[in-house]
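K.L.:
Got a predicted structure plus its sequence, pasted below:
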Amino acid sequence: MLISAILSAGLFLTNVCQVAEAVHACRYDSVFSLTGTVAVARESSGIDLSFLLKDGSDALTFYDCVDEPRPHVPPAGTPVRITGDMVHVESTRTPLPAARRIEVLGPRTPLTPVPADPARIESGCYDRQLISLSGTIRDAYVDETDRHAHFILLDCRGTIVPLVAFSPTDQTAALRKCIGRELTVSGPCFRQDSGRRLICNRYVRLHDIG
C-alpha cells in the first residue's frame, strides 16, 4: 500500500540524475523508483543510515527510511532497486531522498576505489565517486555546529584534503594523537552545498571514525 501510494503521486523519477536535479530544484513532490549499485553504505555508528547509490546517469546519497527493523542497506557493490520520496528536514536547505523500500537484485560485486590526484579534487572531476588517497594527517577537530562530525585534514603531497568522519561521541583527543601519521583512506568525494555544515571545498567522507 505504501509503495502504491508513493508511485501514484508527485513527479515520478526513474534515474539518479533526475533525483539529483529534483533535490537541487527543491521538488518536494518528487517520488522515485530506480535501480543502481550501492557504492558506499554508511551506518555511521547509529548517527543515521545513508548510502551512495550509483547508476548509469549519476551517483547520489539516499537515506534508509524503511520501516523497522534497520538497517536495510546491503553492502557496497550490491545491485538494488529503491523506491521512495523526498522528506523535509529543518537542518537542510534541500529535500532529502528517502528510500522507503530497498530490494536486492543480484549478488554483490566488490567495488575498487579510483586512485585520485589530490590536485584535481577541487575541479569536481571526482564528485560522488569512490576514491582513494594517501597522505599525512596535519590536523583533526570536531565540528562546532555538529558534535558528531569530525574533520581530519590530510596533506596529500602539498594539497590539503578535508576528510569527514562521524561518531556518537567526541573523538577529537584520539584523532589528535594521530597528527603526523601517514595513512591511506577511501571514500566518496562530495561538495557540501546544504545543511548546517558549510565547507568551501570538496571533502572525502569516511565510512566511520576507525
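P.N.:
Ah, there it is. All figures in this text were calculated on a predicted structure; none of them were measured in a lab. Residues are numbered from 1 along each chain as shown.
K.L.:
how about low-confidence regions in this protein?
P.N.:
Judged by pLDDT under 70, the chain has its weakly predicted residues at 1-10, 42-48, 69-70, 193-200, 210.
K.L.:
hmm, try it at 80
P.N.:
Applying pLDDT under 80 to the chain picks out residues 1-10, 42-49, 68-71, 90-93, 145-147, 192-200, 207-210.
K.L.:
Okay, helices next: where are they in it?
P.N.:
2-7, 16-24, 172-176 (DSSP state H).
K.L.:
Adding mean neighbour count and distance to residue 37, write these out as CSV.
P.N.:
For the C-beta atoms, the positions are set from N, CA and C on the backbone; glycine is no exception. Listed next are the helices of the chain as CSV, based on neighbours: other CB atoms under 10 Å; distance: least, CB to CB, whole Å:
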stretch, mean neighbour count, distance to residue 37
helix 2-7, 13, 21
helix 16-24, 19, 10
helix 172-176, 14, 31
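K.L.:
How about residue 65, nearest residue that isn't a chain neighbour?
P.N.:
In space, and not counting its chain neighbours, residue 65 is closest to residue 98: 3.8 Å by CB to CB, 6 or more residues apart in numbering.
K.L.:
correct me, but the one you found touches residue 85?
P.N.:
Yes. Residue 98 lies in contact with residue 85 (CB atoms under 8 Å); the separation is 6.1 Å.
K.L.:
who's more crowded, these two?
P.N.:
Shown here are residue 98 and residue 85; by other CB atoms under 10 Å, residue 85 has more neighbours (24 against 18).
K.L.:
Show me what the residue nearest to the more buried one when sequence neighbours are not counted bridges to in the sheet.
P.N.:
Residue nearest to residue 85 in three dimensions, not counting chain neighbours: residue 31, with 4.7 Å by CB to CB, 6+ apart. With DSSP bridges as the criterion, residue 31 is bridged to residue 12, residue 85.
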